[in-house]
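> For reference, the sequence and a predicted model appear below.
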Amino acid sequence: MDNKIIIWHNPRCRKSREGLKKTEEIAREKNLEVEVRKYLDNPPSVEELKSVFKKMNKKPIEIVRTKEAIWKEKYKEDFKAGKLDDEQIIIAMHENPKLIERPIVIFNDKAILARPAEKVLELF
């Protein structure tokens, strides 16, 4: 077991800031370290994305920001037509990290989309 909580964070996003604040509160209570990853500056690899989705027990499409312009312009029609599989969606998220819903909080073998921020509690 690790003593570190990792949060994929976008500081410009209000929901992500709320998630970070709640994560930091829990970390203090449980004497854990928080590692903040600004995933827009440091995008997760395809393998990291696969690992996190497995920990979340989610399909990649469930974590895509489908309202993002890049999704609508480049991927929406292919997805609707059944032309995008999970692997292709993960590659799209790696190449365009704006498509990743936030914040994602990871602790040991679990991960969660912390929306609302209180969902972080489900990791413990």
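Okay, I see it.
> now this structure, which segments are flagged as low pLDDT?
Along the chain, the parts satisfying pLDDT under 70 run over 1.
> List of residues touching the lengthiest helix in it?
Longest helix in the chain, counting residues (DSSP state H): helix 14-30. With contact meaning C-beta atoms under 8 Å, 6 or more residues apart in numbering, helix 14-30 is reached by 5, 7, 9-11, 32-34, 36, 102-103, 105, 114-118, 120-121, 124. Quick note: C-beta positions are derived from backbone N, CA and C, even for glycine.
> Mind listing what's buried along it?
For helix 14-30, a neighbour-count test (16 or more other C-beta atoms under 10 Å) marks 15-20, 22-24, 26-27 as buried.
> and if you look at stretch 40-51?
Going by neighbour count (16+ other C-beta under 10 Å), the buried part of stretch 40-51 is 40, 43-44, 48-50.
> start to end distance for that stretch?
Start-to-end span of stretch 40-51 (C-alpha to C-alpha, to the nearest Å) is 18 Å.
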